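*Asks:* Okay, structure incoming, though there's no sequence with it:
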């Protein structure tokens, strides 16, 4: 039996030039909410699963259908005025254990390279102290390469200058830098560690500014926030948590 993390593709699709977006649970379930919104809103097709020996042995049942807890989705190319966008989504219903994060990143990068994916976006929330400030939470951005730094300004988010980013996002950024792969990390402020669709909607707005040919309207997310938050929180509570993962920490 292999101990390696593997990707099983169940539907063939041309993904050349696509953007690979990762959404895992974390503070406020922000990354998970972003990924599920994109899958539902854009009506993406499931194209595969990711599995490994340290992944939870569980089926996540949705609408009566059993699902592997880490899945891959993709859509068709959307073109406008000669420019095209296409996205691949990796969504997970559990936090990958720290012991397998590097192997997971290597597996994803290897598969994505074979399929022709050219850029990566990962999103999550991070805790900030409650504030009386009525301003909405900030979204920070950090990229892995010099050539991708302009994505931070293009997405109209605040540059993440000092601090630590652990877990999957931190490893994805580090490996992206070593391999000269363009990775954008989007980090949304969350005041309470409860499902936060409003923080997720700000990341959707940032992604929308980068993928101009794909229309991403965050309004439906806000309208369905209560039901979506309740559903994802229920799934999250039933899955094992990895207490070793570090969450983003901003040093101002």
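*Replies:* That came through fine. Remember, predicted model here, so these are calculated numbers, not experimental data.
*Asks:* partner residues bridging the residue nearest to residue 59 when sequence neighbours are not counted?
*Replies:* Of all residues beyond its chain neighbours, the one nearest residue 59 is residue 66 (4.2 Å), with distances taken as CB to CB, 6 or more residues apart in numbering. C-beta coordinates here come from the backbone N, C-alpha and C atoms, glycine included. When bridges are called by DSSP bridges, residue 66 pairs up with residue 61.
*Asks:* Same question for residue 187.
*Replies:* Applying DSSP bridges to residue 187 gives these bridge partners: residue 124, residue 140.
*Asks:* Spit out the contact partners of it.
*Replies:* For residue 187, the contacting residues are 123-126, 139-142, 160, 165, 169, 248, 250, taking CB atoms under 8 Å, 6 or more residues apart in numbering as the criterion.
*Asks:* Over to residue 172?
*Replies:* Here residue 172 is in contact with 22, 105, 120, 122, 144, 183, 185 (CB under 8 Å, 6+ apart).
*Asks:* Let me see the confidence value for it.
*Replies:* Each residue has a pLDDT score; the one for residue 172 is 97.
*Asks:* Pretty sure the residue nearest to residue 59 sits against residue 49.
*Replies:* No - under the criterion of CB atoms under 8 Å, residue 66 lies out of contact with residue 49, with a separation of 11.4 Å.
*Asks:* Quick check: buried residues in stretch 45-65?
*Replies:* For stretch 45-65, burial by neighbour count (16 or more other CB atoms under 10 Å) applies to 46-50, 52, 55, 58, 60.
*Asks:* for stretch 155-168, same thing?
*Replies:* Residues 155, 157, 160, 165-168 are the ones in stretch 155-168 that count as buried (16+ other CB under 10 Å).
*Asks:* Check the gap between the residue nearest to the spatial centre of the chain and residue 137 for me.
*Replies:* The chain has residue 23 as the residue nearest its centroid, 2.3 Å off, counting by CA atoms, centre = their mean. Separation of residue 23 from residue 137 (CB to CB, to the nearest Å): 18 Å.
*Asks:* With residue 169 instead?
*Replies:* Computed as CB to CB, the residue 169 to residue 137 distance reads 17 Å.
*Asks:* more neighbours, the two?
*Replies:* The neighbour count for residue 169 versus residue 137, taken as other CB atoms under 10 Å, is higher for residue 169 (28 against 18).
*Asks:* tell me the pLDDT at the residue nearest to residue 147 when sequence neighbours are not counted?
*Replies:* Closest residue to residue 147 in three dimensions, ignoring its sequence neighbours and counting by CB to CB, 6+ apart: residue 182, at 6.6 Å. Model confidence at residue 182, expressed as pLDDT, equals 96.
*Asks:* Low-confidence ranges, the stretch 101-250 of the chain, go.
*Replies:* Along the stretch 101-250 of the chain, the model assigns pLDDT under 70 to residues 131-136, 212, 221-222, 224-250.
*Asks:* Swap in 80 and give it another go.
*Replies:* 129-136, 191-195, 212-250 (pLDDT under 80).
*Asks:* just the helices in it please.
*Replies:* Per DSSP state H, counting those that start in this stretch, the stretch 101-250 of the chain carries helices over the ranges 150-154, 167-179, 197-210, 219-223, 225-238.
*Asks:* Please name the residues that touch residue 202.
*Replies:* 136-137, 139, 188, 218.
*Asks:* Which of the residues you listed has the largest number of neighbours?
*Replies:* Among the contacts of residue 202, the one with the most neighbours (other CB under 10 Å) is residue 188, at 29 neighbours.
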